[in-house]
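model this:
(2 chains)
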Amino acid sequence: MSLEGKQKGWRELAMGAVLPAGTSEQYKTGSWRAFRPVWIKERCIHCLQCWLICPDFSALAKDGKFDKFDYDHCKGCGLCAYICPVKGKAIEMKKEAEG
Amino acid sequence: MANIKALTGNDAASYAMKQINPDVVAAYPITPQTAIVEKFSEYVSNGEVDTEMILVESEHSAMSACVGSCAAGARTMTATSSQGLALMWEIMYIAAGLRLPIVMTIVNRALSAPLNIHCDHSDTMGARDSGWIHLFCENAQEVYDTVIQAVRIAEHPDVQLPVSINMDGFIISHEVENVEVYDDSRVKNFVGEFKPRVSLLDVNKPVTVGPIDLQDFYFEHRRQEAEGMRNGLGVIKEIEAAFNKEFGRSYGVVEGYRLEDAEVAIVGLGSTMGTLRSIIDEARSAGKKAGFLKIRSFRPIPRDEIIAALKNMKAVAVLDRADALNAVCGPLLMDIRSVLYGNLDVPTVNYIYGLGGRDILTADLNMVIDDLLNIVKTKKIKQELTYLGVRE
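Residues are numbered from 1 along each chain as shown, chains lettered A, B, ... in the order given. Alright, predicted model coming up:
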(Lines give C-alpha, C1' and ligand atoms only; values in the text may rest on other atoms or scores of the structure.)
Protein backbone atom coordinates (compact mmCIF):
# COMPACT_ATOMS: atom_id res chain seq x y z
CA MET A 1 0.00 0.00 0.00
CA SER A 2 1.53 3.31 -1.06
CA LEU A 3 0.11 6.47 0.44
CA GLU A 4 2.82 8.85 -0.71
CA GLY A 5 1.48 12.30 -1.41
CA LYS A 6 -1.80 11.60 0.34
CA GLN A 7 -0.83 11.58 4.00
CA LYS A 8 1.57 13.53 6.18
CA GLY A 9 5.23 12.51 6.26
CA TRP A 10 6.94 11.40 9.46
CA ARG A 11 8.28 14.85 10.30
CA GLU A 12 4.78 16.32 10.44
CA LEU A 13 3.05 13.65 12.51
CA ALA A 14 2.46 13.93 16.26
CA MET A 15 5.38 12.45 18.20
CA GLY A 16 4.75 8.94 19.49
CA ALA A 17 1.31 8.89 17.82
CA VAL A 18 -0.25 10.78 20.73
CA LEU A 19 -3.48 12.07 19.21
CA PRO A 20 -6.35 14.29 20.22
CA ALA A 21 -9.00 12.19 21.97
CA GLY A 22 -11.84 10.68 19.96
CA THR A 23 -10.11 10.10 16.63
CA SER A 24 -11.45 6.55 16.44
CA GLU A 25 -14.68 8.17 15.22
CA GLN A 26 -12.87 8.93 11.97
CA TYR A 27 -11.76 5.34 11.65
CA LYS A 28 -14.55 3.44 9.95
CA THR A 29 -14.50 -0.17 11.05
CA GLY A 30 -17.87 -1.14 9.55
CA SER A 31 -16.19 -2.98 6.70
CA TRP A 32 -14.81 -5.53 9.16
CA ARG A 33 -18.33 -6.85 9.68
CA ALA A 34 -19.34 -10.36 8.60
CA PHE A 35 -22.75 -10.22 10.29
CA ARG A 36 -24.97 -7.16 10.43
CA PRO A 37 -27.37 -6.45 13.34
CA VAL A 38 -30.86 -5.75 12.05
CA TRP A 39 -33.38 -3.98 14.30
CA ILE A 40 -36.92 -5.29 14.28
CA LYS A 41 -38.79 -2.21 15.40
CA GLU A 42 -42.13 -3.80 16.30
CA ARG A 43 -40.52 -6.29 18.72
CA CYS A 44 -38.29 -3.72 20.51
CA ILE A 45 -39.18 -2.80 24.11
CA HIS A 46 -36.48 -0.06 24.27
CA CYS A 47 -34.78 -1.55 27.33
CA LEU A 48 -31.47 -0.21 25.90
CA GLN A 49 -29.49 -3.31 26.95
CA CYS A 50 -27.97 -3.26 23.44
CA TRP A 51 -26.95 0.39 23.87
CA LEU A 52 -25.33 -0.53 27.19
CA ILE A 53 -23.41 -3.59 26.01
CA CYS A 54 -22.19 -2.42 22.59
CA PRO A 55 -18.38 -2.19 22.85
CA ASP A 56 -18.20 0.28 19.95
CA PHE A 57 -21.00 2.70 20.90
CA SER A 58 -22.74 1.68 17.68
CA ALA A 59 -26.20 0.97 19.11
CA LEU A 60 -27.48 4.53 19.16
CA ALA A 61 -30.30 5.81 21.38
CA LYS A 62 -32.32 9.00 21.16
CA ASP A 63 -34.63 10.42 23.82
CA GLY A 64 -34.34 7.31 25.92
CA LYS A 65 -35.26 4.96 23.07
CA PHE A 66 -33.35 2.81 20.64
CA ASP A 67 -32.78 4.83 17.48
CA LYS A 68 -30.51 3.05 14.98
CA PHE A 69 -27.22 1.24 14.43
CA ASP A 70 -24.07 3.10 13.41
CA TYR A 71 -23.02 0.82 10.56
CA ASP A 72 -19.86 2.88 9.93
CA HIS A 73 -18.40 1.61 13.19
CA CYS A 74 -20.33 -1.58 14.12
CA LYS A 75 -18.00 -4.58 13.71
CA GLY A 76 -20.84 -7.07 13.91
CA CYS A 77 -19.81 -8.76 17.15
CA GLY A 78 -23.40 -9.72 17.89
CA LEU A 79 -23.45 -8.79 21.58
CA CYS A 80 -26.55 -6.62 21.05
CA ALA A 81 -28.50 -9.55 19.62
CA TYR A 82 -27.17 -11.83 22.36
CA ILE A 83 -28.25 -9.52 25.19
CA CYS A 84 -31.65 -8.65 23.69
CA PRO A 85 -34.17 -9.99 26.30
CA VAL A 86 -37.15 -10.03 23.96
CA LYS A 87 -38.56 -13.44 23.17
CA GLY A 88 -37.83 -14.02 19.49
CA LYS A 89 -35.26 -11.13 19.59
CA ALA A 90 -35.67 -7.54 18.44
CA ILE A 91 -32.17 -7.69 16.91
CA GLU A 92 -31.18 -10.35 14.41
CA MET A 93 -27.71 -10.96 13.00
CA LYS A 94 -27.80 -11.38 9.23
CA LYS A 95 -24.95 -12.31 6.93
CA GLU A 96 -23.57 -9.23 5.19
CA ALA A 97 -23.25 -11.25 2.01
CA GLU A 98 -27.00 -11.80 1.99
CA GLY A 99 -27.59 -8.03 2.08
CA MET B 1 34.83 22.27 49.14
CA ALA B 2 33.95 19.00 47.48
CA ASN B 3 31.50 16.86 49.40
CA ILE B 4 32.86 13.31 49.20
CA LYS B 5 30.71 10.43 50.37
CA ALA B 6 31.50 6.73 50.64
CA LEU B 7 28.84 5.21 48.42
CA THR B 8 28.20 1.96 46.62
CA GLY B 9 27.08 2.19 43.01
CA ASN B 10 23.54 1.43 44.17
CA ASP B 11 23.75 4.19 46.79
CA ALA B 12 25.09 6.59 44.19
CA ALA B 13 22.05 5.87 41.98
CA SER B 14 19.51 6.24 44.79
CA TYR B 15 21.23 9.39 46.09
CA ALA B 16 20.96 10.94 42.62
CA MET B 17 17.30 9.89 42.51
CA LYS B 18 16.73 11.54 45.88
CA GLN B 19 18.19 14.80 44.60
CA ILE B 20 16.20 14.58 41.36
CA ASN B 21 13.08 14.02 43.48
CA PRO B 22 10.98 12.43 40.72
CA ASP B 23 7.19 12.56 40.84
CA VAL B 24 6.81 8.78 40.60
CA VAL B 25 9.02 5.74 41.17
CA ALA B 26 7.46 2.37 40.37
CA ALA B 27 9.82 -0.48 41.12
CA TYR B 28 10.24 -4.06 42.21
CA PRO B 29 13.32 -5.33 44.04
CA ILE B 30 15.73 -7.76 42.42
CA THR B 31 19.34 -8.66 43.19
CA PRO B 32 21.69 -6.83 42.72
CA GLN B 33 19.50 -3.75 42.24
CA THR B 34 17.47 -4.21 45.46
CA ALA B 35 19.47 -1.65 47.44
CA ILE B 36 18.42 1.13 45.06
CA VAL B 37 14.70 0.58 45.64
CA GLU B 38 15.28 -0.13 49.35
CA LYS B 39 17.26 3.06 49.93
CA PHE B 40 14.88 5.12 47.86
CA SER B 41 11.90 3.77 49.84
CA GLU B 42 13.69 4.99 52.95
CA TYR B 43 13.95 8.49 51.46
CA VAL B 44 10.22 8.35 50.71
CA SER B 45 9.33 7.12 54.21
CA ASN B 46 11.52 9.77 55.83
CA GLY B 47 9.83 12.48 53.81
CA GLU B 48 13.10 13.42 52.13
CA VAL B 49 11.44 13.30 48.71
CA ASP B 50 7.91 14.05 47.48
CA THR B 51 7.86 10.99 45.25
CA GLU B 52 4.83 8.75 44.91
CA MET B 53 6.38 5.32 45.36
CA ILE B 54 4.44 2.54 43.68
CA LEU B 55 5.38 -0.90 44.96
CA VAL B 56 4.20 -3.30 42.31
CA GLU B 57 3.93 -7.06 42.02
CA SER B 58 6.38 -7.56 39.14
CA GLU B 59 8.74 -5.71 36.83
CA HIS B 60 6.19 -5.97 34.02
CA SER B 61 3.88 -3.99 36.27
CA ALA B 62 6.69 -1.64 37.33
CA MET B 63 7.38 -0.60 33.75
CA SER B 64 3.65 -0.47 32.99
CA ALA B 65 3.10 1.87 35.94
CA CYS B 66 6.05 3.96 34.72
CA VAL B 67 4.46 4.25 31.27
CA GLY B 68 1.14 5.30 32.80
CA SER B 69 2.64 7.83 35.17
CA CYS B 70 4.97 9.34 32.57
CA ALA B 71 2.06 9.61 30.12
CA ALA B 72 0.13 11.34 32.88
CA GLY B 73 2.86 13.97 32.95
CA ALA B 74 4.92 12.82 35.92
CA ARG B 75 8.73 12.64 35.97
CA THR B 76 9.20 8.90 36.39
CA MET B 77 12.12 6.68 37.39
CA THR B 78 12.76 3.03 38.16
CA ALA B 79 15.54 0.45 38.46
CA THR B 80 15.99 -3.24 37.77
CA SER B 81 18.33 -6.13 36.91
CA SER B 82 18.46 -9.31 34.87
CA GLN B 83 15.19 -11.29 34.93
CA GLY B 84 13.41 -8.13 36.01
CA LEU B 85 14.61 -6.35 32.90
CA ALA B 86 13.61 -9.34 30.81
CA LEU B 87 10.13 -9.15 32.29
CA MET B 88 9.96 -5.41 31.49
CA TRP B 89 11.00 -5.99 27.91
CA GLU B 90 7.55 -5.86 26.33
CA ILE B 91 6.70 -2.57 28.00
CA MET B 92 10.15 -1.05 27.34
CA TYR B 93 9.30 -0.96 23.63
CA ILE B 94 6.03 0.77 24.48
CA ALA B 95 7.78 3.39 26.65
CA ALA B 96 10.11 4.20 23.77
CA GLY B 97 7.41 4.04 21.09
CA LEU B 98 5.21 6.47 23.02
CA ARG B 99 8.33 8.63 23.44
CA LEU B 100 8.13 8.71 27.23
CA PRO B 101 11.29 10.00 28.96
CA ILE B 102 11.47 7.41 31.75
CA VAL B 103 14.87 7.00 33.45
CA MET B 104 15.95 3.57 34.72
CA THR B 105 19.10 2.32 36.37
CA ILE B 106 20.00 -1.20 35.28
CA VAL B 107 22.33 -3.15 37.52
CA ASN B 108 23.70 -5.67 35.05
CA ARG B 109 23.32 -9.31 35.95
CA ALA B 110 23.38 -12.56 33.99
CA LEU B 111 20.17 -14.08 32.67
CA SER B 112 18.99 -17.56 33.63
CA ALA B 113 19.49 -20.46 33.05
CA PRO B 114 21.51 -21.61 34.90
CA LEU B 115 20.49 -19.27 37.70
CA ASN B 116 23.15 -16.68 38.47
CA ILE B 117 23.01 -13.35 40.30
CA HIS B 118 26.36 -11.93 39.19
CA CYS B 119 27.46 -9.52 36.53
CA ASP B 120 27.27 -9.79 32.81
CA HIS B 121 25.57 -7.68 30.17
CA SER B 122 23.14 -10.23 28.76
CA ASP B 123 20.19 -8.42 30.37
CA THR B 124 20.76 -5.08 28.65
CA MET B 125 21.76 -6.79 25.40
CA GLY B 126 18.31 -8.40 25.42
CA ALA B 127 16.72 -4.94 25.56
CA ARG B 128 19.23 -3.54 23.09
CA ASP B 129 16.80 -2.75 20.27
CA SER B 130 13.95 -1.50 22.46
CA GLY B 131 14.48 2.15 21.52
CA TRP B 132 16.01 3.08 24.88
CA ILE B 133 19.20 5.07 25.12
CA HIS B 134 21.69 2.82 26.95
CA LEU B 135 24.60 4.40 28.81
CA PHE B 136 27.29 2.23 30.47
CA CYS B 137 29.22 3.40 33.54
CA GLU B 138 32.68 2.53 34.77
CA ASN B 139 32.34 3.39 38.46
CA ALA B 140 30.01 4.77 41.14
CA GLN B 141 30.89 8.42 40.41
CA GLU B 142 29.95 7.95 36.80
CA VAL B 143 26.70 6.28 37.85
CA TYR B 144 25.81 9.26 40.06
CA ASP B 145 26.66 11.80 37.37
CA THR B 146 24.97 9.83 34.60
CA VAL B 147 21.68 9.39 36.47
CA ILE B 148 21.51 13.18 36.86
CA GLN B 149 22.36 13.74 33.19
CA ALA B 150 19.95 11.03 32.01
CA VAL B 151 16.90 12.98 33.15
CA ARG B 152 17.75 15.88 30.88
CA ILE B 153 18.82 13.66 27.98
CA ALA B 154 15.54 11.72 28.10
CA GLU B 155 13.38 14.83 28.43
CA HIS B 156 15.13 16.83 25.70
CA PRO B 157 12.51 17.83 23.09
CA ASP B 158 14.62 16.37 20.25
CA VAL B 159 14.99 13.02 22.02
CA GLN B 160 11.94 12.17 24.18
CA LEU B 161 13.15 8.63 24.69
CA PRO B 162 13.66 6.59 27.84
CA VAL B 163 17.23 6.24 29.10
CA SER B 164 18.94 3.41 30.97
CA ILE B 165 22.05 3.85 33.12
CA ASN B 166 23.99 0.59 33.32
CA MET B 167 26.36 -0.47 36.06
CA ASP B 168 28.04 -3.83 36.57
CA GLY B 169 26.27 -5.92 39.19
CA PHE B 170 28.20 -6.23 42.48
CA ILE B 171 31.41 -4.94 40.89
CA ILE B 172 30.01 -1.39 40.87
CA SER B 173 26.67 -1.81 42.61
CA HIS B 174 28.07 -3.16 45.88
CA GLU B 175 31.58 -1.77 46.01
CA VAL B 176 32.05 1.30 48.20
CA GLU B 177 33.84 4.16 46.46
CA ASN B 178 34.48 7.82 47.07
CA VAL B 179 31.80 9.74 45.25
CA GLU B 180 31.67 13.50 45.04
CA VAL B 181 28.07 14.58 45.46
CA TYR B 182 26.76 18.04 44.66
CA ASP B 183 24.43 20.26 46.66
CA ASP B 184 20.75 19.35 46.39
CA SER B 185 19.88 22.81 45.07
CA ARG B 186 22.47 22.62 42.29
CA VAL B 187 21.20 19.21 41.15
CA LYS B 188 17.63 20.48 41.34
CA ASN B 189 18.53 23.48 39.21
CA PHE B 190 20.43 21.34 36.74
CA VAL B 191 17.61 18.86 36.11
CA GLY B 192 15.01 21.67 36.11
CA GLU B 193 11.28 21.21 36.00
CA PHE B 194 9.70 18.44 33.96
CA LYS B 195 7.69 19.89 31.09
CA PRO B 196 5.69 16.91 29.84
CA ARG B 197 4.83 16.72 26.15
CA VAL B 198 1.85 14.55 27.01
CA SER B 199 -0.51 14.63 29.96
CA LEU B 200 -3.36 12.20 30.32
CA LEU B 201 -4.53 14.22 33.33
CA ASP B 202 -5.07 17.43 31.38
CA VAL B 203 -8.87 17.35 31.05
CA ASN B 204 -8.82 20.50 28.94
CA LYS B 205 -6.74 18.78 26.30
CA PRO B 206 -7.83 15.15 26.18
CA VAL B 207 -5.48 12.85 24.25
CA THR B 208 -5.30 9.30 23.01
CA VAL B 209 -2.05 7.57 23.98
CA GLY B 210 -1.24 4.32 22.22
CA PRO B 211 -3.79 4.23 19.40
CA ILE B 212 -3.85 1.49 16.78
CA ASP B 213 -1.40 2.46 14.04
CA LEU B 214 -1.55 0.23 10.96
CA GLN B 215 0.07 0.02 7.54
CA ASP B 216 -0.66 3.66 6.82
CA PHE B 217 1.08 5.33 9.80
CA TYR B 218 3.14 2.89 11.93
CA PHE B 219 6.19 3.12 9.68
CA GLU B 220 6.27 6.93 9.97
CA HIS B 221 6.11 6.77 13.76
CA ARG B 222 8.95 4.25 13.86
CA ARG B 223 10.92 6.55 11.57
CA GLN B 224 10.37 9.38 14.09
CA GLU B 225 11.64 7.13 16.86
CA ALA B 226 14.79 6.38 14.89
CA GLU B 227 15.34 10.11 14.51
CA GLY B 228 14.97 10.61 18.26
CA MET B 229 17.75 8.07 18.77
CA ARG B 230 19.91 9.78 16.13
CA ASN B 231 19.39 13.13 17.88
CA GLY B 232 20.38 11.44 21.12
CA LEU B 233 24.08 11.53 20.42
CA GLY B 234 24.23 15.32 19.99
CA VAL B 235 21.96 15.80 23.00
CA ILE B 236 24.10 13.56 25.24
CA LYS B 237 27.09 15.74 24.32
CA GLU B 238 25.12 18.94 24.85
CA ILE B 239 23.86 17.88 28.29
CA GLU B 240 27.32 16.68 29.24
CA ALA B 241 28.84 20.02 28.28
CA ALA B 242 26.27 21.75 30.51
CA PHE B 243 27.01 19.26 33.28
CA ASN B 244 30.75 19.82 32.92
CA LYS B 245 30.23 23.58 33.14
CA GLU B 246 28.16 23.22 36.31
CA PHE B 247 29.92 20.35 38.10
CA GLY B 248 33.30 20.09 36.37
CA ARG B 249 33.07 16.50 35.19
CA SER B 250 32.93 14.98 31.72
CA TYR B 251 33.07 11.46 30.28
CA GLY B 252 32.28 11.73 26.57
CA VAL B 253 30.12 9.42 24.46
CA VAL B 254 33.28 7.34 24.12
CA GLU B 255 36.56 7.73 25.95
CA GLY B 256 39.89 6.89 24.39
CA TYR B 257 42.64 6.02 26.86
CA ARG B 258 46.23 6.43 25.64
CA LEU B 259 45.07 5.91 22.06
CA GLU B 260 46.93 8.90 20.54
CA ASP B 261 50.09 6.93 19.83
CA ALA B 262 48.73 3.42 20.31
CA GLU B 263 49.00 0.62 17.76
CA VAL B 264 46.43 -1.68 19.32
CA ALA B 265 43.20 -0.96 21.17
CA ILE B 266 40.75 -2.82 23.36
CA VAL B 267 37.10 -1.77 23.06
CA GLY B 268 34.60 -2.49 25.83
CA LEU B 269 31.89 -1.46 28.28
CA GLY B 270 31.59 -0.89 32.01
CA SER B 271 33.83 -1.59 34.97
CA THR B 272 36.40 -3.63 33.02
CA MET B 273 37.51 -0.35 31.46
CA GLY B 274 38.52 0.77 34.95
CA THR B 275 40.62 -2.35 35.40
CA LEU B 276 42.18 -1.71 32.01
CA ARG B 277 43.52 1.71 32.99
CA SER B 278 46.25 0.26 35.16
CA ILE B 279 46.85 -2.66 32.80
CA ILE B 280 47.38 -0.30 29.86
CA ASP B 281 49.73 1.80 32.02
CA GLU B 282 51.76 -1.30 32.85
CA ALA B 283 51.81 -2.38 29.21
CA ARG B 284 53.05 1.06 28.28
CA SER B 285 55.86 0.81 30.85
CA ALA B 286 56.81 -2.45 29.15
CA GLY B 287 56.94 -0.64 25.80
CA LYS B 288 53.68 -2.08 24.44
CA LYS B 289 51.76 0.54 22.48
CA ALA B 290 48.27 -0.29 23.71
CA GLY B 291 45.24 1.80 24.61
CA PHE B 292 41.53 1.32 25.12
CA LEU B 293 38.25 2.74 23.89
CA LYS B 294 35.46 2.83 26.42
CA ILE B 295 31.99 2.92 24.90
CA ARG B 296 29.84 4.98 27.24
CA SER B 297 26.93 5.53 24.89
CA PHE B 298 26.05 2.03 23.72
CA ARG B 299 22.77 3.26 22.18
CA PRO B 300 22.96 5.52 20.23
CA ILE B 301 26.21 4.20 18.74
CA PRO B 302 28.80 7.00 18.48
CA ARG B 303 29.83 5.95 14.97
CA ASP B 304 32.08 8.86 13.99
CA GLU B 305 33.77 8.99 17.39
CA ILE B 306 34.58 5.27 17.23
CA ILE B 307 36.08 5.59 13.73
CA ALA B 308 38.10 8.66 14.74
CA ALA B 309 39.43 7.02 17.91
CA LEU B 310 40.49 3.81 16.16
CA LYS B 311 41.76 5.27 12.89
CA ASN B 312 45.45 4.62 13.56
CA MET B 313 45.07 1.17 15.13
CA LYS B 314 46.70 -1.85 13.58
CA ALA B 315 44.59 -4.36 15.53
CA VAL B 316 41.49 -4.06 17.68
CA ALA B 317 40.01 -6.38 20.32
CA VAL B 318 36.36 -6.07 21.34
CA LEU B 319 35.43 -7.30 24.82
CA ASP B 320 31.90 -8.65 25.15
CA ARG B 321 30.44 -9.40 28.57
CA ALA B 322 27.57 -11.25 26.86
CA ASP B 323 27.26 -13.82 24.13
CA ALA B 324 24.92 -13.11 21.24
CA LEU B 325 24.66 -16.88 20.68
CA ASN B 326 24.72 -16.37 16.91
CA ALA B 327 27.54 -18.85 16.28
CA VAL B 328 29.86 -15.99 15.24
CA CYS B 329 30.53 -13.29 17.85
CA GLY B 330 29.34 -11.17 20.77
CA PRO B 331 26.94 -8.21 20.47
CA LEU B 332 29.46 -5.35 20.82
CA LEU B 333 31.67 -6.84 18.13
CA MET B 334 28.77 -6.71 15.66
CA ASP B 335 28.38 -2.99 16.32
CA ILE B 336 32.06 -2.16 16.18
CA ARG B 337 32.68 -4.18 13.06
CA SER B 338 29.69 -2.69 11.23
CA VAL B 339 30.85 0.82 12.22
CA LEU B 340 34.41 0.12 11.00
CA TYR B 341 33.47 -1.74 7.82
CA GLY B 342 34.27 0.36 4.77
CA ASN B 343 35.82 3.04 6.96
CA LEU B 344 38.82 1.39 8.59
CA ASP B 345 40.55 -1.72 7.43
CA VAL B 346 41.76 -3.07 10.76
CA PRO B 347 41.84 -6.67 11.99
CA THR B 348 39.23 -7.01 14.73
CA VAL B 349 39.00 -9.89 17.17
CA ASN B 350 36.44 -10.70 19.83
CA TYR B 351 36.71 -11.84 23.44
CA ILE B 352 33.63 -13.03 25.29
CA TYR B 353 34.45 -12.84 28.99
CA GLY B 354 33.10 -12.55 32.51
CA LEU B 355 29.79 -14.36 32.00
CA GLY B 356 27.89 -14.89 35.23
CA GLY B 357 30.35 -12.74 37.16
CA ARG B 358 33.51 -14.68 36.26
CA ASP B 359 36.40 -12.40 37.24
CA ILE B 360 38.42 -10.87 34.46
CA LEU B 361 42.04 -11.22 35.53
CA THR B 362 45.04 -9.04 34.86
CA ALA B 363 46.62 -11.99 33.11
CA ASP B 364 43.57 -12.33 30.81
CA LEU B 365 43.75 -8.72 29.72
CA ASN B 366 47.54 -8.85 29.29
CA MET B 367 46.98 -11.84 27.04
CA VAL B 368 44.56 -9.80 24.92
CA ILE B 369 47.18 -7.07 24.49
CA ASP B 370 49.81 -9.65 23.53
CA ASP B 371 47.40 -11.31 21.08
CA LEU B 372 46.84 -7.96 19.39
CA LEU B 373 50.56 -7.18 19.19
CA ASN B 374 51.06 -10.63 17.71
CA ILE B 375 48.44 -9.95 15.04
CA VAL B 376 50.29 -6.73 14.15
CA LYS B 377 53.62 -8.59 14.02
CA THR B 378 52.50 -11.67 12.07
CA LYS B 379 49.66 -10.01 10.15
CA LYS B 380 47.66 -13.12 10.96
CA ILE B 381 44.62 -13.67 13.17
CA LYS B 382 45.00 -16.96 15.03
CA GLN B 383 41.57 -16.91 16.57
CA GLU B 384 38.72 -14.54 15.76
CA LEU B 385 36.66 -15.33 18.85
CA THR B 386 38.08 -16.33 22.22
CA TYR B 387 36.07 -17.29 25.30
CA LEU B 388 38.35 -15.53 27.76
CA GLY B 389 38.66 -17.18 31.17
CA VAL B 390 36.51 -20.24 30.48
CA ARG B 391 37.80 -23.68 31.55
CA GLU B 392 38.48 -25.93 28.58
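
so B:T51 sits against B:I20, correct?
No - look at B:T51 against B:I20 with Cβ atoms under 8 Å: they stay out of range, at 9.2 Å. Glycine gets a C-beta too; all of them are placed from N, C-alpha and C.

quick test: name the residue nearest the centre of chain A.
A:C74 (2.1 Å; Cα atoms, centre = their mean).

any chance you could map the strands in chain A?
A:19-20, A:35-39, A:59-62, A:65-69, A:91-95 (DSSP state E).

winner for burial among these?
strand A:35-39 (a mean of 18; mean count of other Cβ atoms under 10 Å in any protein chain shown).

packing partners for it?
With contacts taken as 3 or more Cβ pairs under 8 Å, 6 or more residues apart in numbering or on different chains; DSSP states H and E, strand A:35-39 sits against strand A:65-69, strand A:91-95.

Throw those into TSV and include distance to B:G330 and mean pLDDT, thanks.
Shown next, in TSV, are those (distance: least, Cβ to Cβ, whole Å; pLDDT from 0 to 100):
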stretch	distance to B:G330	mean pLDDT
strand A:65-69	59	98
strand A:91-95	57	97
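
let me have those strands in a markdown table, extended by distance to B:P347.
Converted to a markdown table, the helices and strands packed on strand A:35-39 look like this (distance: least, Cβ to Cβ, whole Å):
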| stretch | distance to B:P347 |
| --- | --- |
| strand A:65-69 | 71 |
| strand A:91-95 | 68 |
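
among those, which is nearest chain B?
strand A:65-69 (22.2 Å; Cβ to the nearest Cβ).

show me the contact partners of that closest one.
A:37, A:39, A:44, A:46, A:48, A:50-51, A:58-61 (Cβ atoms under 8 Å, 6 or more residues apart in numbering or on different chains).

ok, back up a step: nearest to B:I94, of the strands of chain A?
Closest to B:I94 of the strands of chain A, according to Cβ to Cβ: strand A:19-20, at 15.9 Å.

so for residue 7, what's the pLDDT?
Let's take chain A. Per-residue pLDDT puts A:Q7 at 87.

actually, chain B is the one I wanted.
98.

ok, now how distant is it from chain A?
35 Å (Cβ to the nearest Cβ, to the nearest Å).

enumerate every residue touching B:I301.
So B:I301 contacts B:335, B:339 (Cβ under 8 Å, 6+ apart).

one more time with 6 Å, if that's ok
B:D335 (Cβ atoms under 6 Å, 6 or more residues apart in numbering or on different chains).

for it, pull up the helix or strand it's in.
Taking DSSP states H and E as the definition, B:I301 sits outside all helices and strands.

confidence score at it?
98.

got the phi and psi for it?
The phi/psi pair for B:I301 (degrees, to the nearest 10) reads phi -80, psi 120.

hmm, back to that, and the contacts of strand A:65-69, which two are furthest apart?
Maximum pairwise distance among these (Cβ to Cβ): 16.9 Å, between A:H46 and A:S58.

show me which of those two is the more surrounded one.
Between A:H46 and A:S58, counted using other Cβ atoms under 10 Å in any protein chain shown, the more crowded position is A:S58 (23 against 14).

low-confidence ranges, chain A, go.
A:1-5, A:99 (pLDDT under 70).
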